[in-house]
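Colleague: Build me a structure from this.
(chains A, B, C, D, E and F)
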Protein chains: 4
Amino acid sequence: MSGGSRAGTSGGGRPGRPRSAEADLAILDATRTALVELGWSKLTMGDVAARAGVAKTTLYRRWTSKSELVVDAVAVLFDELELPDRGSLRADVEGVVRQFAALLERPEAKTSLMAVVAESTRDDALRGRIRAAIVERQKRLVLQGRERAQARGELPREPDPSAAARHADLIFDVIAGAVVHRLLVSGRPVDPAWARDLTTLLLGGLTTVGQTP
Amino acid sequence: MSGGSRAGTSGGGRPGRPRSAEADLAILDATRTALVELGWSKLTMGDVAARAGVAKTTLYRRWTSKSELVVDAVAVLFDELELPDRGSLRADVEGVVRQFAALLERPEAKTSLMAVVAESTRDDALRGRIRAAIVERQKRLVLQGRERAQARGELPREPDPSAAARHADLIFDVIAGAVVHRLLVSGRPVDPAWARDLTTLLLGGLTTVGQTP
Amino acid sequence: MSGGSRAGTSGGGRPGRPRSAEADLAILDATRTALVELGWSKLTMGDVAARAGVAKTTLYRRWTSKSELVVDAVAVLFDELELPDRGSLRADVEGVVRQFAALLERPEAKTSLMAVVAESTRDDALRGRIRAAIVERQKRLVLQGRERAQARGELPREPDPSAAARHADLIFDVIAGAVVHRLLVSGRPVDPAWARDLTTLLLGGLTTVGQTP
Amino acid sequence: MSGGSRAGTSGGGRPGRPRSAEADLAILDATRTALVELGWSKLTMGDVAARAGVAKTTLYRRWTSKSELVVDAVAVLFDELELPDRGSLRADVEGVVRQFAALLERPEAKTSLMAVVAESTRDDALRGRIRAAIVERQKRLVLQGRERAQARGELPREPDPSAAARHADLIFDVIAGAVVHRLLVSGRPVDPAWARDLTTLLLGGLTTVGQTP
DNA sequence: CCATAATCGAGACGGTACGTCGCGTCTTCGG
DNA sequence: CCGAAGACGCGACGTACCGTCTCGATTATGG
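Modeller: Below is the predicted model of the structure:
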């Protein structure tokens, strides 16, 4: 979780005292709590360490920067994303929209997501971490929704895989981007009416896009 | 510009030495330069002041935080946005998409925009400043494009003004959101093909949305 | 008072608006008040100006530094020093001791005297101002006391004027120095017993010194 | 030395990295050097830190104000004070006078002593620090001189201990006060003639005072 | 009766230093 | 080797005063 580099628990193990797994959890918990309380810019490594009842050293041994720590702390929220089958493409799309919105309205996510994205414009490693921990988890829903719609016959199967990827990327950027923009830039809620309108726009556009290779 | 709080042209001018207009310009210039060089997180108030040949106090007298300063410094970039009439709704939409993208690929904008949005999740005054200085300037293009399309007869005139506003907001969130997400989150360029695809999706969806009040 | 450089009121007077005499008094008053409240190190020029209801410019036009201002503000306290004839050398000496002490126990004086002396170790102009405004006023009492004692026949007249000056200087340094040291360094009060003891010591020593030219 | 608050030699030493003793010495050295170069009022904490090759925080961790730092830095000068037995009371007294004077003519001392005394009029903790670090070291010489004179039979032993203390305090205030006043207020040197005159006055007065309980 | 000129208040200006905060590293001790 | 504790060098923060400089508005004298 923290870096994917833990030695396996079995098989000898390296010498010396092993790292405390409790510490990891305590730190990530503390990070989320502090994010809600303080927001991104007031959050400090020292404060997180203190809340977690852990020394700063322990923290830096696992995460080298605030950004990486926050990405990992927030990532778990995106594990909750799931796409229950609602029976129709329209219902599924609307479900995705609302799940994205629900997640982004949680203060931990709202406060930190834009901030780490901003940081990542100058830090490729961070960008990779964000993609792996967050973006791909979101994208999975879009892909899953398309798969179902195709199984239902609501959408044709795209024979060209690269075109298929292009379309999925576009849909994803539109859904995620529109929701984020609505919430954080326009500063207005994602209410049912707006979710429905966005869905309608997407469904209307989907066919058109599909037809123009 | 700096605060919108000048005493106004009438009256007799308030007592004391007036603020230096040169300083304002020098500071905003210095801010943009420093943003390009250092990025948001390495940018410091003291550095900006030094570059502008100005005392730190002069800077704090006008802007109370880095965020506000950067918003004002970046705002002028968004004044350049214009919508030349390209003859058709499709061409105009694509033009808007590419202008947004071109702006967001400038390092001053890319680095700072997400950061100030992140800050604004905890600061309503900042949110307002962003809206006034940046968002409204972008939205204007969308409104102007619709107006032209209606004049050309490509789009029907929406009789209900609140529905009209809702639709315009949606279109704006989709365009701006998708472009931002593509560039900063997905980390891929807004090339002509993608711009065309997004435009196709929007045009396909526009009619659908319009029909469902 | 402020600089001794005013052109005489009569005989033309220079052009332009004359300086406000009220301002001078208000400033010196404000200085004393602020000294009592804040002490030397917390006293600021801006604060004095504000208390006096005067612009900083007005203040700097008259005094170039905090030290000079404070010397002038405190000087008037030393004008009150007087030596009523108490009928005997012993009584007069004790009177001088107690007057010095009474003055130095006033907070304006206590706080500022040592401070300006400290400043004067690096500033000859200030040293001169202190001597003229404060030290000479104190010394006058010692000279006057000796004069009376000589008139009474309690002390012989010293024929050599330079020896006379030397002795007076010594006595003065001893009285003033001992009182200051007692109050500010040792931090103990100049009570009647101590004043009597010092006087006794001085009277005992006076004859001895006088005899060794 | 730095604050007298070390945990003591017993126990086990408190947790965490211990404070650097080198830093303490470097800071006090730097303070003395800077005092000579700049004087009290131009001395800044930042400058001292830089000279000592130390961070400002390290400095503030040990001393909370310029005054306290300077007291500790100057205190070591007063450790050098010693009273070699010169064979007679007169010679010993004159020795004390000249040692005080020699010390006060060193620029570190001259510049700072009055300043910290001035500060101490508003700060009891500082006053205590001054007394412990400086005044008591001086006073020791006076007590030692009296002891020797009594051993030699030049002075009677005072049976009443409180009267003995009172007399010693008086002598000390007179010597130290007179020397300080001569040097810093009157601004004249403590030359041999003046030292002899002061000594004569003291010796003449000593007997008198002793006789009046 | 106006021109000249120094004053006044106000407050912005370029600076310097402040004392604090957070960073990320290091040094200690104990487990 | 880990972990807590905490000192360390560093760099930025935002504030306080400094002493100077415009401003417009007074208030004198002198032509």
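Colleague: Quick check on A:Ser186: phi, psi?
Modeller: Dihedral pair for A:Ser186: phi -70, psi -30, per degrees, to the nearest 10.
Colleague: Against which helices or strands is the host helix or strand of A:Leu141 packed?
Modeller: Using DSSP states H and E, A:Leu141 falls within helix A:136-152. Counting contacts by 3 or more C-beta pairs under 8 Å, 6 or more residues apart in numbering or on different chains; DSSP states H and E, helix A:136-152 packs against helix A:66-79, helix A:89-104, helix A:161-180. Where C-beta positions appear, they are placed from N, C-alpha and C, glycine not excepted.
Colleague: average model confidence for the shortest one?
Modeller: In this model, helix A:66-79 has an average pLDDT of 94.
Colleague: The nearest residue to A:Ala178 once chain neighbours are set aside: neighbouring residues, count only.
Modeller: Spatial nearest neighbour of A:Ala178, excluding adjacent residues (C-beta to C-beta, 6 or more residues apart in numbering or on different chains): B:Gly177 at 4.2 Å. Neighbour count of B:Gly177, defined by other C-beta atoms under 10 Å in any protein chain shown: 24.
Colleague: related to what we said a few turns ago, closest to D:Arg14 out of the helices and strands packed on helix A:136-152?
Modeller: Nearest to D:Arg14, of all the helices and strands packed on helix A:136-152, is helix A:66-79, at 29.4 Å by C-beta to C-beta.
Colleague: mind showing which ranges of chain A have poor pLDDT?
Modeller: Along chain A, the model assigns pLDDT under 70 to residues A:1-19, A:210-213.
Colleague: domain ranges for it?
Modeller: Domain assignment for chain A, taken from automatic domain parsing, gives A:21-62, A:74-211.
Colleague: With chain D in mind, check whether the shortest one reaches it.
Modeller: No - if you take C-beta under 8 Å from any C-beta of the partner chain as the test, domain A:21-62 misses chain D, and the best it gets is 10.0 Å.
Colleague: Find the closest residue to chain D in chain A.
Modeller: For chain A, the residue closest to chain D is A:Ala55, as judged by C-beta to the nearest C-beta, at 10.0 Å.
Colleague: and that residue, how far is that from B:Gly205?
Modeller: A:Ala55 is 54 Å from B:Gly205, where distance means C-beta to C-beta, to the nearest Å.
Colleague: Which one's more surrounded, the two?
Modeller: Neighbour count, other C-beta under 10 Å: between A:Ala55 and B:Gly205, B:Gly205 has more, with 27 against 12.
Colleague: picking up where we left off before, turn the domains of chain A into TSV, including distance to DNA strand F.
Modeller: Shown next, in TSV, are the domains of chain A (distance: least, C-beta to the nearest atom of the strand, whole Å):
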stretch	distance to DNA strand F
domain A:21-62	3
domain A:74-211	15
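Colleague: out of those domains, nearest to D:Arg152?
Modeller: Closest among the domains of chain A, using C-beta to C-beta: domain A:21-62, at 65.2 Å.
Colleague: what distance separates the start and the end of that closest one?
Modeller: Domain A:21-62 stretches 11 Å from its first residue to its last (C-alpha to C-alpha, to the nearest Å).
Colleague: now it: how far from the chain's centre is it?
Modeller: Offset of domain A:21-62 from its chain centre (C-alpha atoms, centre = their mean, to the nearest Å): 20 Å.
Colleague: And for stretch A:142-156?
Modeller: Taking C-alpha atoms, centre = their mean, the mean C-alpha location of stretch A:142-156 is offset from the chain mean by 22 Å.
Colleague: just so I know, which of the domains of chain A lies nearest D:Val97?
Modeller: Closest to D:Val97 of the domains of chain A, according to C-beta to C-beta: domain A:21-62, at 56.0 Å.
Colleague: if we can go back for a sec, could I get the domains of chain A as CSV with distance to D:Ser162?
Modeller: Shown next, in CSV, are these (distance: least, C-beta to C-beta, whole Å):
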stretch, distance to D:Ser162
domain A:21-62, 55
domain A:74-211, 71
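Colleague: and DNA strand E, which of the ones you listed is closest to it?
Modeller: Nearest to DNA strand E, of all the domains of chain A, is domain A:21-62, at 3.4 Å by C-beta to the nearest atom of the strand.
Colleague: Not counting residues beside it along the chain, what's closest to A:Gly53?
Modeller: Nearest one to A:Gly53, counting by C-beta to C-beta, 6+ apart, is A:Ala26 at 6.4 Å.
Colleague: tell me the contacts of A:Pro161?
Modeller: By C-beta atoms under 8 Å, 6 or more residues apart in numbering or on different chains, the contact list for A:Pro161 is empty.
Colleague: Of all the helices and strands packed on helix A:136-152, which one comes closest to D:Val93?
Modeller: Counting by C-beta to C-beta, D:Val93 lies closest to helix A:66-79 out of the helices and strands packed on helix A:136-152; the figure is 68.4 Å.
Colleague: contact partners of that closest one?
Modeller: Under the contact criterion C-beta under 8 Å, 6+ apart, helix A:66-79 has outside partners A:1-2, A:27-28, A:31-32, A:35, A:40, A:43-45, A:48, A:59, A:63, A:103, A:106, A:108-109, A:112-113, A:115-116, A:119-120, A:123, A:126, A:129-130, A:133-134, A:137-138.
Colleague: burial of A:Thr57, as a residue count?
Modeller: Around A:Thr57 there are 8 residues (other C-beta under 10 Å).
Colleague: quick one: which helix or strand includes it?
Modeller: Per DSSP H and E: helix A:56-62 holds A:Thr57.
Colleague: now do A:Pro156
Modeller: For A:Pro156, there is no host helix or strand (DSSP H and E).
Colleague: residues in contact with the residue positioned nearest the centre of chain A?
Modeller: A centroid search over chain A (C-alpha atoms, centre = their mean) returns A:Ile134, at 2.8 Å, as the residue closest to the centre. Taking C-beta under 8 Å, 6+ apart as the contact definition, A:Ile134 lies against A:Val71, A:Val74, A:Ala75, A:Phe78, A:Leu113.
Colleague: ok, A:Leu81 to chain C distance?
Modeller: As defined by C-beta to the nearest C-beta, to the nearest Å, A:Leu81 lies at a distance of 59 Å from chain C.
Colleague: just A:Leu155 next, same as before
Modeller: 74 Å.
Colleague: Once you drop chain neighbours, what's closest to that residue?
Modeller: Per C-beta to C-beta, 6+ apart, closest to A:Leu155 is A:Ala149, 4.3 Å.
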